[in-house]
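Student: just need the structure, nothing else, for what follows:
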Amino acid sequence: YSNELVKIDRELKPGSWVTVERTDGKVEGYGYFNPHSLIAFRIFERTKFVSEEQTRAVFFRRLDDAWRLRVSVYQKKIQSGLMGAKSFRLCFGESDGLPGLVIDLFEGGTSGGSSGSAVIPSGVAVIQCHSAGADQFISWAQQWLEQRMGVSAGIIRNDLEVRKKENVALEVLEWGTLPDRPFVLEGGVRFFVDLKAGQKTGYFYDHRDNRAAAAEFFATHEGRVLDCFSYIGSWGLQVLKANPKANLVAVDVSAQALKRLKENAEENGMASRVQVREMDVFKSTEGFGEKFDLVISDPPSLTSSAKHEREGYRAHRLCFEKALAAMKPQGHAVFASCSFHLTEENFLGCIAEAAASFSGSLQQLGFGAQAADHPVLAALPESRYLNSGLFRAMDGGKRS
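Tutor: The predicted structure follows:
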């Protein structure tokens with residue numbers, strides 16, 4: 001942090017490569033520096049900086065390693081057709097040794113096809129840089145994607161608010177020829193995505209395992225499903241895929257997201273089993289108008305910093321209370337959070353309080369964290385940020 005440094009050279013350009021030394025002259029490591037940010041230095045390697053050429057070689061090795069990890073974890077799912085060969089997060093910043101850099105892969109596009117050669121899927125990438133120094137990785141990432149995976153097109157989604165704190169521009173850029181309809185294949189369901197204007201990078205891969213667990217659990221249950229923050233349908237449509245007898249009511253504040261959800265339902269032959277409702281769950285006082293066998297509540301990040309921890313806790317509890325109010329007496333619920341500042345203990349605490357407000361009791365049947373393409377770095381607690389739980393109502397309480 002900036003207040004831990006003896007001297008800060010304000011003339012250095014944000015993102016400059018620097019070597020950090022202790023007061024006794026011992027090298028702590030090198031990385032990139034930003035004189036305008038509270039997080040002034042992000043370490044890349046615990047040696048002295050030699051050259052950009054050597055740093056590029058390290059970058060390539062680390063992306064190679066990140067790719068091997070994903071392939072080893074997801075190979076069986078890809079081979080079974082449950083998952084696309086380019087439907088995962090390739091790079092998760094510090095957890096993959098590349099601070100500030102996120103790379104998500106998507107299906108779509110082709111390469112080859114001329115002079116009788118085979119036409120093969122090429123995929124598309126979304127690169128996102130959370131810090132000024134990570135911008136230097138962009139050209140290297142594009143080269144790696146082309147050389148290693150044959151991905152020659154993508155979008156740079158550097159439109160994050162956090163970049164304002166880094167004193168660097170917010171922008172969205174494209175390279176290569178983008179596919180007309182990029183998509184994700186997850187749980188055997190094809191999800192068309194908006195890579196240019198969708199939330200974050202266009203899709204949320206981090207709850208992949210939790211969505212699969214919910215779909216598997218509800219596969220043998222008949223009834224109606226409520227998805228309170230549906231976005232483009234990643235939770236609800238996978239439940240419908242697993243259970244042909246289920247029906248879905250998808251709720252979201254974004255008309256564009258619901259339009260995309262309906263398109264995804266149509267693509268997967270589920271349109272007749274899906275209803276959408278455009279509403280703000282936080283502001284609505286009318287409720288959902290009926291009771292459901294399964295309710296899903298996966299709100300957006302509601303706790304931006306430690307000083308908003310209590311506010312975020314109350315917001316999560318409100319979300320879960322509204323979901324429980326729509327659940328049948330012996331129904332089931334999936335609650336989730338992507339807010340780092342809502343710890344696992346507090347996550348379970350606000351669920352317990354929400355249940356108590358209905359004089360009911362919940363049994364916890366399962367618990368999950370983020371998927372393997374969002375690995376946790378042991379030395380960085382902030383990289384562990386996701387919680388999800390599956391619950392069953394033991395009695396009706398005020399829901400009856």
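Student: so after whichever strand in the chain runs longest, what's the next helix or strand?
Tutor: Longest strand in the chain, counting residues (DSSP state E): strand 327-337. Under the assignment DSSP states H and E, the closest C-terminal helix or strand after strand 327-337 is helix 344-356.
Student: what packs against that following helix?
Tutor: Applying 3 or more CB pairs under 8 Å, 6 or more residues apart in numbering; DSSP states H and E, we find helix 344-356 packed against helix 309-325, strand 327-337, strand 362-368, strand 387-393. For the C-beta atoms, the positions are set from N, CA and C on the backbone; glycine is no exception.
Student: list the residues that contact the residue nearest to residue 354 when sequence neighbours are not counted.
Tutor: Of all residues not flanking residue 354 in the chain, residue 320 sits nearest, at 3.9 Å (CB to CB, 6 or more residues apart in numbering). Contact analysis of residue 320 by CB atoms under 8 Å, 6 or more residues apart in numbering lists 297, 333, 335, 350-351, 354.
Student: how about 10 Å then?
Tutor: 228, 295, 297, 299, 333, 335-337, 347, 350-355, 357, 362, 391 (CB atoms under 10 Å, 6 or more residues apart in numbering).
Student: select only the buried ones of the residues you listed in PyMOL?
Tutor: Here is the PyMOL command that selects the buried residues among these (16 or more other CB atoms under 10 Å):
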select buried, resi 228+295+297+299+333+335+336+337+347+350+351+354+355+362+391
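Student: quick one: the most centrally placed residue in the chain from residue 88, how far?
Tutor: The chain has residue 204 as the residue nearest its centroid, 3.4 Å off, counting by CA atoms, centre = their mean. From residue 204 across to residue 88, the span is 12 Å (CB to CB, to the nearest Å).
Student: same question, residue 48
Tutor: From residue 48 across to residue 88, the span is 35 Å (CB to CB).
Student: okay, those two: which has more neighbours?
Tutor: Counting neighbours by other CB atoms under 10 Å for residue 48 and for residue 88 shows that residue 88 has the greater number, 26 against 12.
Student: gap between that one and residue 161?
Tutor: Distance, residue 88 to residue 161, using CB to CB: 25 Å.
Student: next one: residue 269
Tutor: Residue 269 sits 38 Å away from residue 161, taking CB to CB as the criterion.
Student: ok, the two, which is more surrounded?
Tutor: Using other CB under 10 Å as the criterion, residue 269 and residue 161 rank with residue 269 on top: 11 against 8.
Student: the more buried one contacts residue 241, doesn't it?
Tutor: Yes: shown here, residue 269 and residue 241 form a contact pair, counting by CB atoms under 10 Å, at 9.5 Å.
Student: for burial, what's the neighbour tally of the closest residue in space to residue 282 that isn't next to it in sequence?
Tutor: Nearest residue to residue 282, sequence neighbours excluded (CB to CB, 6+ apart): residue 318, at 6.8 Å. Other residues near residue 318 come to 16 when the count uses other CB under 10 Å.
Student: please apply the same query to the one 3 residues further on.
Tutor: Residue 321 is flanked by 18 other residues according to other CB under 10 Å.
Student: go on, the one 3 residues further on?
Tutor: For residue 324, the tally of surrounding residues (other CB under 10 Å) stands at 25.
Student: residue 285 too?
Tutor: Using other CB under 10 Å, residue 285 is surrounded by 5 other residues.
Student: how about residue 218?
Tutor: For residue 218, the count of nearby residues is 23 (other CB under 10 Å).
Student: how much space between it and residue 364?
Tutor: Distance from residue 218 to residue 364, counting by CB to CB: 16 Å.
Student: find residues that contact each of residue 204 and residue 88.
Tutor: Any residue near both residue 204 and residue 88 by CB under 10 Å, 6+ apart counts here, and that gives 104, 184, 371, 374.
Student: so what's the third one up against?
Tutor: Contact analysis of residue 371 by CB under 10 Å, 6+ apart lists 73-74, 88-89, 204-212, 386.
Student: what helices or strands is the longest strand of the chain leaning on?
Tutor: Under the contact definition 3 or more CB pairs under 10 Å, 6 or more residues apart in numbering; DSSP states H and E, strand 327-337 sits against helix 208-218, strand 223-227, strand 292-297, helix 309-325, helix 344-356, strand 362-368, strand 387-393.
Student: tell me the mean pLDDT for it?
Tutor: Per-residue pLDDT over strand 327-337 has a mean of 94.
Student: returning to that earlier point: just confirm the residue nearest to residue 282 contacts residue 281, I think it does.
Tutor: Yes: Residue 318 lies in contact with residue 281 (CB under 10 Å); the separation is 8.5 Å.
Student: what touches both of the two?
Tutor: Common contacts of residue 318 and residue 281 (CB under 10 Å, 6+ apart): residue 299.
Student: on that earlier part again, any idea how far residue 297 is from the residue nearest to residue 282?
Tutor: 10 Å.
Student: now the common contact residues for the two.
Tutor: 281, 354.
Student: could you dump the helices and strands packed on helix 344-356 to a markdown table with distance to residue 253?
Tutor: Formatted as a markdown table, the helices and strands packed on helix 344-356 follow (distance: least, CB to CB, whole Å):
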| stretch | distance to residue 253 |
| --- | --- |
| helix 309-325 | 13 |
| strand 327-337 | 17 |
| strand 362-368 | 25 |
| strand 387-393 | 21 |
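Student: on that earlier part again, which residues touch the residue nearest to the centre of the chain?
Tutor: Residues counted as contacts of residue 204 (CB under 10 Å, 6+ apart) are 89, 104, 184, 198, 211, 231-232, 234-235, 298, 300, 338, 371, 374, 386.
Student: can you list phi and psi of it for me?
Tutor: Phi and psi for residue 204, reported as degrees, to the nearest 10, are phi -110, psi 100.
Student: per-residue pLDDT of it, please?
Tutor: The model reports residue 204 with a pLDDT of 97.
Student: what's the neighbour count on residue 190?
Tutor: Look at residue 190: counted by other CB under 10 Å, it has 16 neighbours.
Student: same thing with residue 80?
Tutor: Residue 80 - counted by other CB under 10 Å - has 9 other residues nearby.
Student: what about residue 345, distance to residue 351?
Tutor: 11 Å.
Student: make sure residue 11 is indeed in a strand.
Tutor: No: Residue 11: not assigned to a strand; according to DSSP: H, G, I helix; E, B strand; the rest coil it is coil.
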